[in-house]
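J.: Give me the fold of what follows.
(chains A and B)
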Amino acid sequence: MVGFGEMVERERVTTAPAPVIVGAGSAVYERHPGVERRTETFIAEAVVAALADAGIHKNEVDGLGIASFSLAPDHAIDLTWKLGMTVRWVMEDSNGGASAINMLQHAVRAIEAGDAETIVLAAGDRMEKREFHLMTDRYNRVARDYLAPLPLNGPNALFAFLTERYGRLHGLEREDFGCIPLAQRAWAGRNPAAVYRRAMTLAEYMESVPIAPPLTRFDCVPIVSGGDAIVVTTPERAARLKGPHAGVRAIRALHNHDQQEGDGIHSGFAQFRDDLWAAAGARPEDLDSAHIYDDYPVMVLVQLADLGVIPDDDVKRYLHKTILEEMWPVNTSGGQLSAGQAGASGGMHGLAEAVQQLRGTAGERQVPDAELALATGYGMVLYTHGACHNAAVLERRGG
Amino acid sequence: MSAPFTVPKCSVCGHLAYPPRILCPECGANDWTRTLADSGIVTEVTVRRPVFKRRQLPWGNWLDQEAVRLAAVHAEVGERSVRIIARVPEGVETGDRVTLVAQASTAIALPGQVVEAAPERASAAPAPAAPEPAATPESE
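T.: You can find the predicted model right below:
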């Protein structure tokens, strides 16, 4: 019998998938959009921006994947119609923070198999008070029936528990966790699209409004409306487009690894770490940047540690020295913590930023000679913590 | 409206699953009983401030939001345990042993339940006819 937590040993595929990400684009993130700016508006703006970045006309697109919490009653096919596309491949993904890399995992195989040649993957949400509460209270049946009535009011309290737990395990205080929002705010200062760009001091962080102690306002993502998109195609078509591009070296995923019975700080990432790096033919120390799903600082640490990016698991040193002092590139857009979380677009945000770094289009925040990037997805709190984990290793190709 | 807190238990292998699942994650059976899980240890506590000060309920009216004290509780049933998210009264802290009580939701009429964790001493006394209810946001 295979107990949960154990993985059935499978034949490992170590050849790098060939498809290439040739463009990335975003809708401008907004805190309080006008009523005329709907979820489809943000997704469409991101699609248009990504196609323009790639140099591809919408008539050349034959696959569309969409992730959104608030698109209902529309679906991906409605957007296909409204964007004037005709596609051979369509998908809709419901996995929140893990939706972008999940769609990429499917898109890569679809392109390799010849089901489609050029796929646009887009995510976005109009996220105001009403949409936020609809999303969190009806996130799933358990949230609706067991958490919303507490009232939980969104996942902040659950991640306060995980932060407390992780801090206890690694001897971390608030000023240690604060290195992540402080460093990401510094990166956001170089990103004109981030909603919070003003430099933040440690004192400001320490004195910020408590939301669910130990979490304060700066540990929680600002809720915004927005959208992000990428364009994936064959190496043959990519060769005819202006590079460099982002090649997909490896993608690995693990969902519901612990049946929500673990502590939430020993994540599914640890279980596919070795497989991911082996498939990518790389080591964590080869990375030039990391784009880690940052719903809360604690989850950035859990993912970096479980994916082997933090040397010797010395979390405290990594926080102060590598992230804050050296500003080693983690979440160079400012991440969701400073650029904002636009619903399901949160999952696409880091992936789109990774693509921009590898394409050399990241402007003031460009990492010099960016050749290898890690992007992760995490999310879907079923009861106590997120169930979905995935990660992609991307490399600069061509150009 | 409160009742002793119980959790689903697999009739075949004894695995505890809260909230309820369909197939047992351990043995795959679909045959559940319920077992009392009224005692636990608080592993973490927080006071959750509302994300927005007011909120609109699905049927349209607006409700003022208040802070609520919440805890992660490690409920113990024999040698097995299960993690519970519960509402706790003022004064309950990390490390406290608590008594878990199930409450039908009154704020929103839904089929789930709210778990209240009261300090152990509340239940150590001889069972009162009408137990002192745990502090709830509604009563604040």
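J.: quick one, what contacts A:F69?
T.: Listed by Cβ atoms under 8 Å, 6 or more residues apart in numbering or on different chains, the contact set of A:F69 reads A:G96, A:D125, A:M127, A:E131, A:M135, A:G343, A:A344. The way it works is simple: take the backbone N, C-alpha and C, and place the C-beta from them, glycine included.
J.: Per-residue pLDDT of A:D137, please?
T.: What the model reports for A:D137 is a pLDDT of 77.
J.: Next, find the distance separating the residue nearest to it when sequence neighbours are not counted from A:H133.
T.: Closest residue to A:D137 apart from its sequence neighbours, by Cβ to Cβ, 6 or more residues apart in numbering or on different chains: A:A148 at 4.2 Å. According to Cβ to Cβ, to the nearest Å, A:A148 stands 9 Å off from A:H133.
J.: Then B:R34?
T.: Remark: distance between B:R34 and A:H133 (Cβ to Cβ) = 31 Å.
J.: These two: which is more packed in?
T.: Using other Cβ atoms under 10 Å in any protein chain shown, the more surrounded residue of B:R34 and A:H133 is A:H133, with 21 against 14.
J.: helices or strands next to the strand or helix carrying the more buried one in the packing?
T.: A:H133 belongs to helix A:129-137 when elements are defined using DSSP states H and E. Secondary-structure packing of helix A:129-137 (3 or more Cβ pairs under 8 Å, 6 or more residues apart in numbering or on different chains; DSSP states H and E): strand B:54-56.
J.: Could you give the average pLDDT over the strand it packs on?
T.: On average, the pLDDT along strand B:54-56 is 67.
J.: Ok, stretch A:204-219 next?
T.: On average, stretch A:204-219 scores 96.
J.: any bit of that stretch sitting next to chain B?
T.: Yes - under the criterion of Cβ under 8 Å from any Cβ of the partner chain, chain B is reached by stretch A:204-219 at A:V209, A:P210, A:I211, A:A212, A:P213, A:P214, A:L215.
J.: tell me which residues in that stretch are buried?
T.: Neighbour counts over stretch A:204-219 (16 or more other Cβ atoms under 10 Å in any protein chain shown) mark A:Y205, A:S208, A:P210, A:I211, A:A212, A:P213, A:P214, A:L215, A:T216, A:F218, A:D219 as buried.
J.: Could you single out the nearest of those residues to B:E93?
T.: A:P213 (12.3 Å; Cβ to Cβ).
J.: just checking, the closest one touches A:F159?
T.: No - counting by Cβ atoms under 8 Å, A:P213 does not reach A:F159; the two are 11.7 Å apart.
J.: Quick one: distance of the helix or strand of chain A with the lowest mean pLDDT to the chain centre.
T.: Least confident helix or strand of chain A, by mean pLDDT, DSSP states H and E, is helix A:129-137 with a mean of 80. Put simply, helix A:129-137 sits 20 Å off its chain's centre (Cα atoms, centre = their mean, to the nearest Å).
J.: all strands of chain A, in order?
T.: Secondary structure of chain A (DSSP state E): strands located at A:20-30, A:63-67, A:89-93, A:118-125, A:210-212, A:215-216, A:225-233, A:245-255, A:289-291, A:372-381, A:386-397.
J.: Perfect, that will be all.
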